[in-house]
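Visitor: next come a sequence and a model predicted from it.
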Amino acid sequence: QSKQFQNWLAQVDTNKFQIRSVHFQSVDMFGPTKVGFIKFKADVVDKAGKFIPGIVFMRGGSVGILAVLNCQGKKYSVMTVQPRVPTGRFDFLEIPAGMLDGSGNFAGVAAKELEEELGIKIAEKDLTDLSGLAGCTQGVYLSPGASDETLRFFSFTRDVSEEEMASMNGRCTGLISEGEQITLKIVPLDDLLTVADAKTIIAYGLYQKYLAV
């Protein structure tokens, strides 16, 4: 009954794929009732009976937010620094991001993540849908050979003083109940291309194409 699995089943191209069975290998719960991550192996062939690899790490949809600050004629971005065990890094630098809650309200989740991770309250209407501007209304796949995860990108821009920006830099945020240990870091906007995080680079590229002036 999980939303991400239902969505996956609905979008499978049954004219090309034949799914003969699905073997669930693990399910990670987010709390007592919410399904988080699903790992399964699907026995899949094409219409000619040729085997197709079907190992899936299922996460569902997510959002990423590029927070742009204008200060004294220069542009900066608010980044998060946090432990990311799969990378082996305790201080992984990336834009704020979060998983969807099953409602399909991308902008609402993006606004919620901004408040939780950056401490910035913003109305949904003030967010710019970067993915929509690019025509990727369903989001982009970050690792299509292994995961169903899609990411939608949003941005917002705010004019701030040097004092306001300094008060954000180094601030500790995140939800303790979800194991988040986040420190904010202010980075010059044009430095984002050097960040070893795909969603950060994609968000920067979309911003430069559609919003940069």
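Guide: It's in. Model, not experiment: these values are computed from the prediction.
Visitor: how far away is the residue of the chain most remote from its centre from Glu162?
Guide: Here the centre of the chain is the reference, and by CA atoms, centre = their mean the most remote residue is Ala48, at 36.3 Å. With distances defined as CB to CB, to the nearest Å, the gap from Ala48 to Glu162 amounts to 64 Å. For the C-beta atoms, the positions are set from N, CA and C on the backbone; glycine is no exception.
Visitor: what packs against the helix or strand of the chain with the lowest mean pLDDT?
Guide: Across the helices and strands of the chain, mean confidence by mean pLDDT, DSSP states H and E is lowest for helix 106-113: a mean of 82. Here helix 106-113 touches strand 61-71, strand 97-99, strand 150-159, going by 3 or more CB pairs under 8 Å, 6 or more residues apart in numbering; DSSP states H and E.
Visitor: quick one: strands adjacent to the shortest one?
Guide: Sheet partners assigned to strand 97-99 using DSSP bridges are listed as strand 61-71 (antiparallel).
Visitor: okay, the angle between the least confident helix or strand of the chain and strand 61-71?
Guide: When axes from the mean of the first three to the mean of the last three CA atoms, to 10 degrees is applied, the directions of helix 106-113 and strand 61-71 differ by 60 degrees.
Visitor: what comes into contact with helix 106-113?
Guide: Residues outside helix 106-113 that contact it (CB atoms under 8 Å, 6 or more residues apart in numbering) are 61, 63, 65, 96-101, 103, 121-124, 127, 129, 152, 154.
Visitor: about what we covered before: would you agree the residue farthest from the centre of the chain falls within a helix?
Guide: No - when DSSP: H, G, I helix; E, B strand; the rest coil is applied, Ala48 is found to be coil, with no helix at that position.
Visitor: what are the boundaries of the strands in this structure?
Guide: Per DSSP state E, the chain carries strands over the ranges 17-30, 34-46, 51-52, 55-58, 61-71, 74-84, 89-94, 97-99, 128-129, 140-141, 150-159, 172-173, 182-188.
Visitor: CA atoms only: put stretch 75-83 into CSV for me.
Guide: Listed in CSV are the C-alpha atoms of stretch 75-83, where the atom choice follows Å, rounded to 0.1, in the frame of the first residue of the first chain:
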residue,chain,number,x,y,z
LYS,A,75,25.0,36.3,-4.6
TYR,A,76,25.4,33.5,-2.1
SER,A,77,23.7,30.2,-1.3
VAL,A,78,22.7,28.7,2.0
MET,A,79,24.1,25.1,2.1
THR,A,80,23.7,22.3,4.6
VAL,A,81,26.7,20.4,6.1
GLN,A,82,25.8,17.1,7.6
PRO,A,83,27.0,13.5,8.0
